[in-house]
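> Sequence first, predicted coordinates after that:
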Amino acid sequence: MRVLFAADVHPDLDSGAAGTEWQTIEALRRLGHEVDEVWAADLGRRIKHGNLHYLLELPGAYRRVIAERCARKDYDVIHANQGHCYQAAREHRCLRRSGAFVCRSHGLDDHMERVLAPWRSHLGVRSRRGVRMLSGGLLDTLLHRHDRLAYREADGVLVSATTDARYLAERMHVPAGRIGCIPQAPADAFVATPAALMSPERLKRILHVGGFAYWKGVHAVAAAANDLLSRHPGACMTWVCRLDEHAQVRSLLDLAVHGRVELVGWVPQARLVEIYDSHGIFLCPSLFEGFGKVFLEAMARGMLVIGTPAGGMPDIIRDGVDGRIVGFNDSAAIAHVVEALWRAPEAAAACSEAAARRAREYSWNRVGRETEAFYLRLLEMRTQ
């Protein structure tokens, strides 16, 4: 097949959405498909404000650049990132071009807003006020309209987790045949070597990796750390996030535990593998994720992930077998599970081995095959 990928990001293997696109492109090429690429530099940008760029500039840029590429070559599939591709999808349909048009989402923004709005109130998260609240609310409404238009105009919508797939089917009424749900995979760096064996020393070391955002469950992480470290002198924790977020992390931690929480900035994959291998328990209590590859990376290194029913975690983690699933914002449940693992090191070691095996079931070659199958399904539907 001839495939055109278009994404308003830079081709960075270490980045979330960009890394997923890059890995998928390479997997399709290994299957023998011809893949052309459009990245942020090709789309161009004049408006610096993020949401205004998405609202006013990006839909037209997608339409223009995709039209230019289609004028030079016929494609079997056009695969474009996020709902801002709706104008390009509409033009593709109206011009009756050959090939299927796929809207790829790494997390449905309208779904995310529906899930998180109650949590902002519950957690007391400061939101926009006054004029900014009105203007920001209007921008969000218009941007969510992009998503809904893309769901309607595209031949298919591709997501990574069944939570988003259900939202498309139940809330947006997208026919099941037009929805593709393909779990992501850990990068090669996390599966290139066998996972380290779980040990009592490793088990006492807790890890959290993620940006300091309320939807990443940082309040539950901090509350669980305060509880566990205050009652268990032999335990310690590492928290990986941006350097400029470290002060915010400290603001959530009790002074008594500051000395036993190491704050680390973003690091390359090779260093992150070393951090995973020296820790035993990984806290990932997100309130929302499009998928969230970090938990799968941790599993690949044999870490015991304590997650929530967000993103890809409920699809991949088998509770009590290769990880644990707890409720949202439930620091008490997190602490309870951690202490249970500490009391049963042999069971924890078995869970660690199962986690490493489970993570290796999800490869980018598998993503490539399942993406290929989704494309073929859409192409067959177009001929019916």
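In hand now; what should we look at?
> and the gap between the nearest residue to residue 265 once chain neighbours are set aside and residue 212?
Of all residues beyond its chain neighbours, the one nearest residue 265 is residue 243 (4.2 Å), with distances taken as Cβ to Cβ, 6 or more residues apart in numbering. (C-beta placed from N, C-alpha, C; glycine too.) Distance, residue 243 to residue 212, by Cβ to Cβ, to the nearest Å: 11 Å.
> which stretches of the stretch 101-250 of the chain form helices?
In order along the chain, the stretch 101-250 of the chain carries the following helices (DSSP state H, counting those that start in this stretch): 109-123, 130-153, 162-170, 200-203, 218-231, 246-252.
> Any idea how many residues pack against the residue nearest to residue 265?
Other residues within reach of residue 243 by the criterion other Cβ atoms under 10 Å amount to 10.
> Also residue 154?
With neighbours defined by other Cβ under 10 Å, the count for residue 154 comes to 28.
> again, but for the one 3 residues further on
Here the neighbour count serves as a burial measure; for residue 157 (other Cβ under 10 Å) it reads 24.
> And the one 4 residues further on, by the same measure?
Residue 161 has 26 neighbouring residues, counting by other Cβ under 10 Å.
> Ok, residue 160 next?
Residue neighbour count, defined by other Cβ under 10 Å, stands at 26 for residue 160.
> Who are the contact partners of it?
Counting by Cβ atoms under 8 Å, 6 or more residues apart in numbering, residue 160 makes contact with 20, 106, 181-184, 290-291, 311-312.
> what's the neighbour count on residue 178?
A count of neighbours around residue 178, defined by other Cβ under 10 Å, yields 21.
> How about it: what's its closest non-neighbour residue?
Once its chain neighbours are removed from consideration, residue 178 has its nearest residue in residue 156; the separation is 4.8 Å (Cβ to Cβ, 6+ apart).
> How about the contacts made by that neighbour?
Applying Cβ under 8 Å, 6+ apart, one finds that residue 156 lies in contact with 100-103, 178-180, 374, 377-378.
> Now with 6 Å, please.
Residue 156 makes contact with 102, 178, 180, 378 under the criterion Cβ atoms under 6 Å, 6 or more residues apart in numbering.
> what do you get for residue 374?
Applying Cβ under 6 Å, 6+ apart as the definition, the contact partners of residue 374 turn out to be residue 180.
> One more: residue 275?
Residues near residue 275 by Cβ under 6 Å, 6+ apart: none.
> Can you tell me the SS state at it?
Residue 275 falls in the helix class when you classify it by DSSP: H, G, I helix; E, B strand; the rest coil.
> Kindly provide the distance from it to residue 94.
As judged by Cβ to Cβ, residue 275 and residue 94 stand 51 Å apart.
> One more: residue 248?
Look at residue 248 and residue 94: by Cβ to Cβ, they are 48 Å apart.
> who's more crowded, these two?
Neighbour totals were compared for residue 248 and residue 94, and residue 248 leads with 14 against 9 (other Cβ under 10 Å).
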